[in-house]
Structures are given as C-alpha cells and as structure tokens.
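In: Here is a sequence together with a model predicted from it:
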Amino acid sequence: MTSFFDQPVSIKSLTLKNRVFLAPLAGVSDVPFRRICQELGAGLTYVEMLSSVAIKYKNKRTFEMMARHKSETILGVQVTGSTAIDVAAAVEVLDKKGFDTIDINMGCPVRKVVNSGSGSGFLKDSPRISETVRLCRQATQKPLSVKMRLGYTRENVNVEDTVNRVVQEQADMFTIHGRTRSESYAVPCDLQGIKKGMDCSENIKFDALKVGNGDIFSYSDAENMRIVTGCDAVMVSRGALGNPWVFTSILEGKEKYPSVQEWLDVVLRHISYQEEFYGQSSLASILMRKHLLWYTKGLPNSKDLRHTLNNVTSLDDARNILREYSSILPAQFLRQEGSRLEGTKYDPKFDMDRQLDRGVGDEGL
Ligand SMILES: Cc1cc2nc3c(=O)[nH]c(=O)nc-3n(C[C@H](O)[C@H](O)[C@H](O)COP(=O)(O)O)c2cc1C
C-alpha cells in the first residue's frame with residue numbers, strides 16, 4: 001500500500017518524487033542526517049537556515065553549511081534576513097550555488113533573530129513580507145518559497161494576510177507551521193489555523209504548493225494534517241529526530257517500526273556518514289551525541305546506555321556500544337516507544353549541543 005504522499009509533485013519546474021519533506025533544522029540537518037532521511041524516503045531536504053548577513057560577509061562557517069553530498073541530487077536551502085535587499089542578495093548567491101529551491105524563513109522564534117526583524121520578525125511587518133518576496137522573485141528563477149507561522153502572537157494571527165502577500169508576489173510554495181511565534185511546543189499545532197491560510201490561497205490566481213507543518217510524528221499525523229488542512233505535502237521536523245522511519249511510514253500509509261537489525265543498520269550507517277563528512281574527529285562524535293540520544297529514546301533498559309552515549313568521544317566507541325546493546329535485545333523487538341519523543345511537547349533545542357536562545361513565550365518582544 002502506498003499513501004497520498006507517495007506521489008510526485010512539482011514546485012514550479014522542480015519535480016519531486018513524493019510529498020514528504022524534511023524541514024530545515026538548525027544544528028541538525030547536516031549532510032549525514034539529510035542522507036539518512038533521503039534514503040528512508042524524504043522527497044525534499046533542506047540545508048538549515050542561513051543568515052543573509054553572514055552570506056553577504058562571506059562567513060566561512062555559513063559557506064561550509066552549504067556543503068552537499070553527490071547523492072543529494074535535489075537540495076533546498078533556507079535564508080532569513082532583516083531587509084528585503086539583503087535577503088534578495090543572498091538568494092542570488094544561493095541560486096548561483098546551485099540549490100534547487102530556496103526558502104525564506106519567516107517563522108524562526110529565536111530572540112536574537114526576531115529582534116533583528118528576521119524569522120518571525122517578518123510577521124510584525126507585513127509590507128516587508130511583500131517587498132522581500134518581490135525582490136527575491138526578481139533574484140531567482142528557481143522555485144521560491146516561504147515558511148511562516150500563524151502569526152506573532154495568538155492575539156495577532158495574520159496567516160491569511162501573510163499567505164496572500166507571499167502568493168501575490170509569486171512564491172511557488174508556502175509552508176505553514178501551525179503555531180504562533182510566542183507558542184511553545186506545549187501548545188498543540190493548530191490545524192484549523194493552517195487550513196485558514198491554505199484556503200485563502202485558493203482565491204488568488206496563482207498555483208502555489210501548500211505544505212503543512214507541525215506535530216507530524218507518524219503516518220496518521222500526516223494524514224490528519226492533509227484531511228483537515230487540504231495541504232498538498234507535509235514537512236516533518238521533530239518527528240524525524242531519531243526516527244527517520246517516519247518518512248517510510250508516511251509513504252507506505254502505515255506505521256513503520258524498525259526491527260532491532262533495521263534500527264542498528266540505520267544508526268550505524270548514520271555514523272559512517274558522520275565519519276565520512278566530519279572525519280574521525282572528536283567534533284564528529286560530539287555532533288553525533290544528540291542523534292544517538294534520539295535514536296535510543298524509549299528503548300528498554302537504556303538509562304546507562306544513553307548516559308554512556310551522551311559522553312562518547314569517538315565514533316568507534318559509539319558503534320561498539322550500540323552493537324553490544326542491540327545484541328541483548330530480543331530479535332523480534334520492534335522499536336516503537338521512542339518514536340514520539342515524549343509526545344509533542346518535546347523541544348529538542350534545549351537538549352542540543354548548540355543551545356539556542358529561543359525566548360519562547362516572550363510576548364513583549
Ligand atoms: C532543532 C530544531 C531546529 C529548527 N531549525 C529550523 C530552521 O533552521 N528553519 C526552520 O524553518 N525551522 C526550524 N525549526 C522549526 C521546524 O522546522 C518546525 O517548523 C517546527 O519544529 C514545527 O514542526 P514539528 O512540530 O513537526 O517539530 C527547527 C526546529 C527544531 C526542533
């Protein structure tokens with residue numbers, strides 16, 4: 001059986017093999033993780049959000065983040081910035097770099113990003129939304145999209161206006177994350193809010209692809225998103241952390257719980273890609289730790305295992321520890337408990353090596 005999501009779809013001239021995308025994820029969506037998600041089915045993946053100012057000043061780390069593996073035949077990139085001119089200049093650079101599609105982030109809630117008017121900061125300055133998309137549209141012929149939230153606060157939901165502006169200026173796709181900037185993950189994704197944004201784009205004579213995002217941890221979540229909002233595709237974020245099988249589930253139209261061997265094969269392959277990309281450095285193992293904790297979430301008797309993995313200093317050690325642990329699990333064991341990562345409230349950002357100053361709930365900004 002396959003699902004609605006296992007059908008090709010086009011964003012302008014770019015044809016994708018299916019309708020399940022991996023979101024840009026700061027500090028997470030690097031080459032190794034993207035390769036794993038693609039192999040397990042993601043139809044489109046993105047480099048994490050880049051800053052237009054960092055692109056303007058040719059920041060070395062930002063250009064390193066644009067790395068692409070030869071197996072990544074289709075790859076998107078995301079950018080944000082505080083002026084339309086800066087964002088459009090960055091889009092021109094990203095176009096020349098050969099990315100297949102370019103997204104403008106109008107949803108990032110991180111305080112320092114928002115304070116500069118970038119990310120969710122756009123949602124408080126509607127004319128700048130139009131101006132930015134207009135200039136970016138002039139800067140690239142590649143498929144152009146915007147990822148947004150419902151609004152800045154619950155009292156100021158303006159998703160319909162944002163969608164109207166984005167589509168009027170001829171973006172080819174938009175993604176709606178069903179929360180406002182001030183809402184944390186403890187607030188469930190508002191599917192009716194997403195639907196409002198999707199429905200209003202119907203009135204405009206422009207055929208933009210509509211993507212739903214928020215709380216997609218399983219096939220049934222994706223299907224529910226589609227039924228309620230009428231989206232053309234879904235974008236998965238936290239649901240892919242430690243559970244790239246979520247892509248297979250959504251494509252096959254049934255939940256996929258990996259066996260011990262399947263689970264181990266994928267985690268070891270992720271470690272190999274990590275080694276290939278970062279080398280056998282201690283950085284490689286430090287950056288791998290968060291993934292190892294996500295992959296082992298909810299496994300039986302895993303307290304000691306997870307503590308050890310959280311302190312691992314070499315990828316070889318990680319391999320040995322995982323092999324030994326998996327050998328004591330019953331062969332018929334299926335990993336399902338960990339796949340929801342403690343429900344939808346879970347905020348991986350607080351767990352990550354790279355702590356981000358999100359400022360969630362700081363409505364005064
Ligand atoms: C670790 C992490 C990093 C994120 N980085 C980005 C990013 O770079 N760009 C972006 O548009 N959204 C980013 N997001 C937000 C997600 O893409 C998504 O919109 C949000 O998590 C809601 O989806 P979910 O409920 O399925 O997780 C990030 C989320 C997490 C958890």
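Out: Looks like it arrived, so ask away. Numbers count the residues shown, from 1 in each chain.
In: now residue 268, nearest residue through space, not along the chain?
Out: residue 319 (6.2 Å; Cβ to Cβ, 6 or more residues apart in numbering). No exception for glycine: its C-beta is placed from N, CA and C like everyone else's.
In: From residue 310, how far off is that neighbour?
Out: 16 Å (Cβ to Cβ, to the nearest Å).
In: cool, and residue 123?
Out: 36 Å.
In: okay, those two: which has more neighbours?
Out: A count of neighbours by other Cβ atoms under 10 Å puts residue 123 above the other of residue 123 and residue 310, at 26 against 13.
In: What values do phi and psi take at the spatially closest residue to that one that is not a sequence neighbour?
Out: In space, and not counting its chain neighbours, residue 123 is closest to residue 152: 4.6 Å by Cβ to Cβ, 6+ apart. The phi/psi pair for residue 152 (degrees, to the nearest 10) reads phi -80, psi -50.
In: could you give the mean pLDDT of stretch 53-71?
Out: Computed over stretch 53-71, the mean pLDDT rounds to 97.
In: what residues does the stretch 151-300 of the chain put near the ligand?
Out: Within the stretch 151-300 of the chain, the residues that sit near the ligand (Cβ under 6 Å from any ligand atom) are 177, 189, 213-216, 237-239.
In: now with 5 Å?
Out: With Cβ under 5 Å from any ligand atom as the criterion, the stretch 151-300 of the chain meets the ligand at residues 177, 213-215, 237-238.
In: Show the contacting residues for residue 152.
Out: Contacts for residue 152 (Cβ atoms under 8 Å, 6 or more residues apart in numbering) come out as 120, 123-124, 158, 180-182.
In: Now rank the residues you listed by neighbours and give me the top one.
Out: Highest neighbour count within the contacts of residue 152: residue 181, with 30 neighbours (other Cβ under 10 Å).
In: unless I'm mixing things up, that residue is touching residue 109, no?
Out: Yes: counting by Cβ atoms under 8 Å, residue 109 is a contact partner of residue 181 at 4.8 Å.
In: residues shared between the contacts of these two?
Out: Going by Cβ under 8 Å, 6+ apart, residues that sit against residue 181 and also against residue 109 are 120, 149.
In: how deep is the residue of the stretch 251-365 of the chain found nearest the ligand tucked in, by neighbour count?
Out: Per Cβ to the nearest ligand atom, residue 348 is where the stretch 251-365 of the chain lies closest to the ligand, at 4.6 Å. For residue 348, the count of nearby residues is 18 (other Cβ under 10 Å).
In: Now do the same for it: its pLDDT.
Out: For residue 348, the model assigns a pLDDT of 71.
In: show me where pLDDT drops low in the stretch 101-250 of the chain?
Out: For the stretch 101-250 of the chain, applying pLDDT under 70 flags the ranges 205.
In: and if we set it to 80?
Out: Counting by pLDDT under 80, the stretch 101-250 of the chain shows low-confidence ranges at 201-206.
In: and of the contacts of residue 152, the nearest to the ligand?
Out: Lowest distance from the ligand to those (Cβ to the nearest ligand atom) belongs to residue 120, with 10.1 Å.
In: Show the contacting residues for the closest one.
Out: 106-109, 113-114, 149, 152, 181.
In: Let's verify it: helix, strand, or coil?
Out: Under the three-state scheme (DSSP: H, G, I helix; E, B strand; the rest coil), residue 120 adopts helix.
In: still on that earlier bit, how about the contacts made by the residue of the stretch 251-365 of the chain closest to the ligand?
Out: By Cβ under 8 Å, 6+ apart, the residues touching residue 348 are 28, 238, 241, 290, 294, 341.
In: ok so residue 242 is a helix residue?
Out: No: Residue 242 is assigned coil when assessed by three-state DSSP, not a helix.
In: neighbours of it, just the number please.
Out: Residues within reach of residue 242, counting by other Cβ under 10 Å, total 24.
In: Give me the distance between it and residue 283.
Out: Distance from residue 242 to residue 283, counting by Cβ to Cβ: 20 Å.
In: secondary structure element for the closest residue to residue 71 other than its chain neighbours?
Out: Sequence neighbours aside, residue 35 is the residue nearest to residue 71 in space, at 6.2 Å (criterion: Cβ to Cβ, 6+ apart). Secondary-structure element containing residue 35, defined by DSSP states H and E: helix 31-39.
In: How about residue 194?
Out: Here residue 194 sits within helix 191-200, counting by DSSP H and E.
In: How about that helix, which residues are buried there?
Out: 191, 193-198, 200 (16 or more other Cβ atoms under 10 Å).
In: Report the two of these separated the most.
Out: Across the buried residues of helix 191-200, no pair lies farther apart than 191 and 200, at 15.3 Å, counting by Cβ to Cβ.
In: can you give me the strands in the stretch 101-250 of the chain?
Out: Ranges of strands within the stretch 101-250 of the chain are 101-106, 144-151, 173-180, 209-213, 233-236, based on DSSP state E, counting those that start in this stretch.
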